[in-house]
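Participant: build me a model from this:
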Amino acid sequence: MKHILKILSLLAAIFSLWIGLLQTSIVPRSHAWVLPVYLVITLGCYGLLMVGVGLMIFPTCPQEASLLQKDIAEAKEFLKVRGVDVGLD
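Facilitator: Numbering: from 1, shown residues only. Alright, predicted model coming up:
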């Protein structure tokens, strides 16, 4: 719930800043109308960057991989006992 409040307060601050820019003559009105589009594009680029960085530094966990392989083998054996074809070994 706290995270939602942070996001909503940030959006309210951005919206009020945008309305303020529309009311004043600091930024030309023709540029101020496209600022939300630039914000969405910027957030999309930031999201893609974070996904890319996360994939580049994805940690490998050999212990977890061996446990997962063990669980898969147990599940295949469990299904074979019950007559389910589990494919190639």
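Participant: list of residues touching the helix or strand of the chain with the lowest mean pLDDT?
Facilitator: Lowest by mean pLDDT, DSSP states H and E among the helices and strands of the chain is helix 29-32, with a mean of 76. Helix 29-32 has contacts (Cβ atoms under 8 Å, 6 or more residues apart in numbering) with 18, 21-22. Heads up, the C-betas are built off the backbone N, CA and C, glycines and all.
Participant: which residues of the protein fall in helices?
Facilitator: Here the chain has its helices, by DSSP state H, at 2-23, 29-32, 35-56, 62-81.
Participant: which stretches of this protein have low pLDDT?
Facilitator: Counting by pLDDT under 70, the chain has low-confidence residues at 1, 88-89.
Participant: repeat the analysis, applying 90 as the threshold.
Facilitator: Scanning the chain for pLDDT under 90 picks out the ranges 1-8, 10-11, 14-40, 43, 54-65, 82-89.
Participant: which of the contacts of helix 29-32 sits closest to residue 47?
Facilitator: Within the contacts of helix 29-32, the smallest distance to residue 47 is 20.6 Å, found for residue 18 (Cβ to Cβ).
Participant: relative to residue 37, how far out is that closest one?
Facilitator: Residue 18 sits 11 Å away from residue 37, going by Cβ to Cβ, to the nearest Å.
Participant: of those two, which one has the most company?
Facilitator: Neighbour count, other Cβ atoms under 10 Å: between residue 18 and residue 37, residue 18 has more, with 16 against 9.
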